[in-house]
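1. Got a sequence here, can you build the structure:
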Amino acid sequence: MATLHDKEIDTRGLNCPLPILRAKKALTELTTGQILKVTATDPGSVRDFAAFSKQTGHLLVESGEDGSEFFYFLKKK
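-> Numbering: from 1, shown residues only. Model prediction:
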């Protein structure tokens, strides 16, 4: 969880599709190459962020799990 990031959003307690929608909105505020960190508690977010990355072209730089929380680092395309 050492990836540097430019913006961070907390979507803990939110279920699909809210973490993705919040990430999508946050990415619009970043410039190309910047990194967004998302923290979530929805187990479904693991497959959601993988699919979101493939569909949008934003690179999923890192993802992981820390107890009951999941984290994602997305690099804006």
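2. Tell me how far residue 52 lies from residue 63.
-> Note on residue 52: its distance to residue 63, by C-beta to C-beta, to the nearest Å, is 11 Å. No exception for glycine: its C-beta is placed from N, CA and C like everyone else's.
3. should've said residue 57
-> For residue 57, the distance to residue 63 - C-beta to C-beta - is 16 Å.
4. what's the answer for residue 25, then?
-> Plainly put, residue 25 is 19 Å away from residue 63 if you go by C-beta to C-beta.
5. So which of these two has more stuff around it?
-> residue 63 (17 against 10; other C-beta atoms under 10 Å).
6. helix or strand for residue 51, which one?
-> helix 45-56 (DSSP states H and E).
7. Would you mark the buried spots in that helix?
-> 45, 48, 49, 52, 53 (16 or more other C-beta atoms under 10 Å).
8. give the contact list for the third one.
-> Spelled out, that is residue 49. By C-beta atoms under 8 Å, 6 or more residues apart in numbering, residue 49 lies in contact with 19, 20, 23, 38, 60, 63, 72, 74.
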